[in-house]
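S.K.: make a model of this:
(2 chains)
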Protein chains: 2
Amino acid sequence: MERVQSGSLRKDHLGQEVTLKGWVQKRRDLGGLIFIDLRDRSGLVQVVFNPETSNEALNTAENVRSEYVLEIIGEVVARDEKTINPSIGTGEIEVAAQSVTILNKAKTPPFMIEEQSEVSEDLRLKYRYLDLRRKEMQDTFKLRHQATQSIRNFLNEEEFLEMETPMLTKSTPEGARDYLVPSRVHEGQFYALPQSPQLFKQMLMMSGFEKYYQIARCFRDEDLRADRQPEFTQVDIETSFMSKDEIMTMTERMMKKVMKEVKGIEVSTPFPRMSYEEAMERYGSDKPDTRFGLELVNLSEEVENSGFKVFSGAVSSGGQVSAINVEGKADEFSRKDIDKMTEDVKVYGAKGLAWLKVKDGEFNGPIAKFFTEEEADLIKSKTGATEGDLLLFVADKTSVVYDSLGALRQKLARRLDLIEEDRFNFLWVTDWPLLEYDEEEERYFAAHHPFTKPAEKDMEQLHTNPQDVHAEAYDIVLNGYELGGGSLRIHQREVQNQMFEVLGFSQEEAEEQFGFLLEALEYGAPPHGGIALGFDRFVMLLAGRTNLRDTILFPKTASATDPMTNAPGSVSKAQLDELHLQLKPKE
Amino acid sequence: MERVQSGSLRKDHLGQEVTLKGWVQKRRDLGGLIFIDLRDRSGLVQVVFNPETSNEALNTAENVRSEYVLEIIGEVVARDEKTINPSIGTGEIEVAAQSVTILNKAKTPPFMIEEQSEVSEDLRLKYRYLDLRRKEMQDTFKLRHQATQSIRNFLNEEEFLEMETPMLTKSTPEGARDYLVPSRVHEGQFYALPQSPQLFKQMLMMSGFEKYYQIARCFRDEDLRADRQPEFTQVDIETSFMSKDEIMTMTERMMKKVMKEVKGIEVSTPFPRMSYEEAMERYGSDKPDTRFGLELVNLSEEVENSGFKVFSGAVSSGGQVSAINVEGKADEFSRKDIDKMTEDVKVYGAKGLAWLKVKDGEFNGPIAKFFTEEEADLIKSKTGATEGDLLLFVADKTSVVYDSLGALRQKLARRLDLIEEDRFNFLWVTDWPLLEYDEEEERYFAAHHPFTKPAEKDMEQLHTNPQDVHAEAYDIVLNGYELGGGSLRIHQREVQNQMFEVLGFSQEEAEEQFGFLLEALEYGAPPHGGIALGFDRFVMLLAGRTNLRDTILFPKTASATDPMTNAPGSVSKAQLDELHLQLKPKE
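M.R.: Reported below is the predicted structural model:
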């Protein structure tokens, strides 16, 4: 008899004989009967063992404990009115067991397989196979599956080809740190695991495939933060002949479809677009969460001649003064609260946090006395500050102002409960700078990667004012997270040569590392561009989780280990010998 | 104006103005006109430049050469009756160019971008992006895409979840050689790239997901043959609670769907099933090509007392005598041909190749005299040999008989043109031995892997007669290629312990390497099993190719290098230092 999914049983099945296979969620003994909640991936059903139906089954059931694996044959029967459980789909019925087979036993698990299990993450990762049995984990990976298929279906319909690029590639010093794979055949040589399929997808455009995608595993050997993993998955897309607008519009259509199919939410398109400069100025962040206000207001002009030297001094030395207006909340923030926030902004390099409250129409607070009436009016007018509002100021180097107020803005939103958790605010951030100057190495680095196309209008400044050149790049932001980024790519050798020059590569270095790309650009490379989306993070946001590890089946810890398999591990000397390697003696 | 695909233009489009973007396949100058075949991924269209439509476009076209990338705006017009080209879809029309923009130039490619390009594979791989522009390569990767989606759609419909298992895993000595990835954080420790997701997919069954699949990249650091690559792709499937038959039937449904959707071919199910023993006996191979006959006939009994000592001796020393009947072809094989075949079988360890021809009702040939009339009749009857047939014999150790005649059978079929190239013969090979004895290491190895379930009926012989124990394993064979293999897995710790014992693991070794699996088996592991299909090889067969490298976008050479990017490459001392490694001094 074919197996039936436990969670699928309803009153329609009354009287049917069914075979179930699954795990014991719970067993209860009550008045000579035994009740077992049987769990499979579809859900739970209650099975009842009673002496009238089968004494033998009842006897077997007596030996059964949590997480035992059972095969049960029984009849679907109605529950007593009194025992109906409306909180589960199968709550109106139960299965009267005619027979039960123990398919496997189980020791008492180290933690309960329940929705809200209060267990340390270490233990959860060591017994990941038990952790994954919990309903919220099962749901997360079903959602991940759905999102994957939804994205694929969209791209297939748009005539993209799914293509597999190599994992054993060549190490290039530009970018993050590579994971290396020693070659056995070629002594002293190494492959690198890809940080992204960037160059291969560009080569596919030069191969004439025009529309490529891959849900690709990528690797970065970086020190891990909460939202980083050594290996991660990205939705990797590249197209030929499409404009920046066409790529962005296509991405919006894709997001719209996924949100609809996976979350049942209609998001409206086009998504808002904002330049990098505007994002920094208004939100102090290049990935602003636009679900709430608390925008930064630049008051540099208003205070440049102020008697408050901290403000006027910041402006005169090339920095700026910005403020956040916490509307109507003046009374909710004590001196102590503000002291706490001052500590928070100091983390970002701010020397302090100035504040003003509006009370009886006047500014109130230790710095109020420094402003003329005219200045106070200008500040009120620009920030919109009215009675009961709290203004929080940082005056510093521009980058410090953005970083500190950007972070403060997030903290305030959480404290004031301004974030609608079930809202999904997409946003494009555009007009990125092409290059970033690294003070330490005294050279420019590519802000995205060295293959990003400079904005046509800025091309002639590439050598004279590199810091002012914009990139044909766009990031997609969701609820304050960078969901992904893309750009048009350089498709002309001459431009790519110039880019390497600006980055300080000698011609030999450029040839040595990227010779194949430079050569390929000479054989009819089409104009092309694309985008890559961080899929783990997207799933995290879709699933309403806050920990990236909850969206990866077998994630690594912050020190890049897997507590279940104990990877990484030691290997034999013979293995190292074959790879022509030895461990460096410890110092 | 939106771009139109070149290959899509038909007479329906007559009079329309279209924008095309693509590559110059060919340019011809003829009577003051210029003709360009413009190629994009959809195909070719002829563009004509003439002074009446646009002198400017004509002038630009004069500078255009093969593989230039162009944007062309023009009107779809009918071709002259005389110049209609029925061999291409766009052959009835052409596009009269109103304007042309050169999007990129191209140097003369090192080889022509044509269907039958006679180029060394080395050059093709170095300029892979040019090789991939050829129609047959484009077609292969479109087919690969289709096959991927077809498999996914099938598995999604059957409620499998697509799930991603880790790439940075732990090295285990059992199996092929691992690719290793040194850890930076953990001095002297290494990750390994997965040879397959085997253990992780089993852990997913223990996690309660019940139906898993992944189109997974796998890695083996083995010396390469024509049909091996360092990294390869497999369709990886695992299920809980399904029987062997259910898994095989599900796989058949999947294959049926893929063959229908990708090739338009109806294959009939169920696929034939054959035990490993029968496959070896009848075809001398565990992955027989059943598209032709030429079966092996075991004549050991018939010749065990023969006066021909080579035959009777082989039987009496525990070997066997088998023959292939090459029906009706006695006259087609000269003494020289047979000498050549003798050399061929010697490669497989055979000491020689005996032969008999049937002429005028009698056996003919140097060994004919050794057989009594009765023996001759028995041989004729069992092999079905009649007038004009050629019998080819090998008498040796059983394994040599199988290997040599199995290989000879393939050679004969090709020589005699017996193989219908467009036929797809699927076959299941079942009842595999669980273990193989390794003479050198003097121990048993798992014939598949150490997690394969022993046949219930043979369990009690696991320690006493390990060589006789069968596995609950099944291979799927297509046209003489092993397409994939699967098995039920051990789901009980006690059995897994025994298996490790038979393989010669101490308890400590088993714990050290597979402790997490052994422990997981104690917490309610469900009965489970699955299958893995070699996807690159499947695509090769579907595309009618013979070289696996033609089915992989950026394959490695036989020495595991990529001639395009020059991977693997050297890395800096700083990189090695961070990994706590140094190169071994050369000897």
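
S.K.: what helix or strand is residue A:325 on?
M.R.: Using DSSP states H and E, residue A:325 falls within strand A:320-326.

S.K.: revised request: answer the last question for residue A:195.
M.R.: For residue A:195, there is no enclosing helix or strand under DSSP H and E.

S.K.: tell me the domain ranges of chain A?
M.R.: Domains of chain A are assigned by the TED database as A:3-104, A:116-273+A:526-568, A:292-419.

S.K.: so, in contact with chain B or not, the shortest one?
M.R.: Okay, so that is domain A:3-104. Yes - against chain B, domain A:3-104 shows contacts by C-beta under 8 Å from any C-beta of the partner chain at A:3, A:21, A:23, A:24, A:39, A:40, A:41, A:67, A:68, A:69, A:103, A:104. All C-beta spots, glycine's among them, are computed from the backbone N, C-alpha and C.

S.K.: tell me the contacts of the nearest residue to residue A:562 once chain neighbours are set aside?
M.R.: Nearest residue to residue A:562, sequence neighbours excluded (C-beta to C-beta, 6 or more residues apart in numbering or on different chains): residue A:556, at 5.8 Å. Residue A:556 makes contacts with A:224, A:229, A:230, A:231, A:562, B:166, B:168, as judged by C-beta atoms under 8 Å, 6 or more residues apart in numbering or on different chains.

S.K.: quick one: the fifth one and residue B:167 touch, right?
M.R.: So the one you mean is residue A:562. No - Residue A:562 is beyond contact range of residue B:167, at 11.5 Å (criterion: C-beta atoms under 8 Å).

S.K.: what's the local residue count around the nearest residue to residue A:182 once chain neighbours are set aside?
M.R.: Leaving out its chain neighbours, the residue that sits closest to residue A:182 by C-beta to C-beta, 6+ apart is residue A:579, at 4.2 Å. When neighbours are defined as other C-beta atoms under 10 Å in any protein chain shown, residue A:579 has 24 of them.

S.K.: am I right that residue A:579 is in contact with residue B:180?
M.R.: Yes - between residue A:579 and residue B:180 there is a contact under C-beta under 8 Å: 6.7 Å.

S.K.: residues that sit against both of these two, list them.
M.R.: residue A:182.

S.K.: where does the prediction get shaky in chain A?
M.R.: Applying pLDDT under 70 to chain A flags residues A:117, A:226, A:587.

S.K.: show me what the lengthiest strand in it is packed against.
M.R.: For chain A, the strand with the greatest residue count under DSSP state E is strand A:17-30. With contacts defined as 3 or more C-beta pairs under 8 Å, 6 or more residues apart in numbering or on different chains; DSSP states H and E, strand A:17-30 has these neighbours: strand A:33-40, strand A:43-49, strand A:69-78, strand A:93-104.

S.K.: could I get those strands as CSV with mean neighbour count?
M.R.: Formatted as CSV, these follow (neighbours: other C-beta atoms under 10 Å in any protein chain shown):
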stretch, mean neighbour count
strand A:33-40, 22
strand A:43-49, 24
strand A:69-78, 20
strand A:93-104, 20
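
S.K.: the ones you listed: which one's closest to residue A:542?
M.R.: Distance to residue A:542, taken as C-beta to C-beta, is lowest for strand A:43-49 among the helices and strands packed on strand A:17-30, at 21.2 Å.

S.K.: need the residues that contact that closest one.
M.R.: Contacting residues not belonging to strand A:43-49 are listed as A:5-9, A:20, A:25, A:33-38, A:57-58, A:61, A:72, A:74, A:77, A:79, A:85, A:88-90, A:93-97, A:100 [C-beta under 8 Å, 6+ apart].

S.K.: export it as PDB, just CAs?
M.R.: C-alpha atoms of strand A:43-49 as PDB (Å, rounded to 0.1, in the frame of the first residue of the first chain):
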ATOM      1  CA  GLY A  43       3.400  17.700   9.300                       C
ATOM      2  CA  LEU A  44       1.900  15.800  12.200                       C
ATOM      3  CA  VAL A  45      -1.000  13.400  12.700                       C
ATOM      4  CA  GLN A  46      -2.200  11.800  15.900                       C
ATOM      5  CA  VAL A  47      -2.100   8.000  15.900                       C
ATOM      6  CA  VAL A  48      -4.100   6.100  18.600                       C
ATOM      7  CA  PHE A  49      -3.300   2.600  19.800                       C
END
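
S.K.: mind listing the strands it pairs with, and their directions?
M.R.: Using DSSP bridges, strand A:43-49 pairs in its sheet with strand A:33-40 (antiparallel), strand A:93-104 (parallel).

S.K.: what's the closest of those strands to residue A:281?
M.R.: Of all those, strand A:33-40 sits nearest to residue A:281, with 52.8 Å by C-beta to C-beta.

S.K.: what angle do that closest one and strand A:17-30 make?
M.R.: Between strand A:33-40 and strand A:17-30, the angle comes out at 130 degrees (axes from the mean of the first three to the mean of the last three C-alpha atoms, to 10 degrees).

S.K.: since that was my last question, I'll sign off now.
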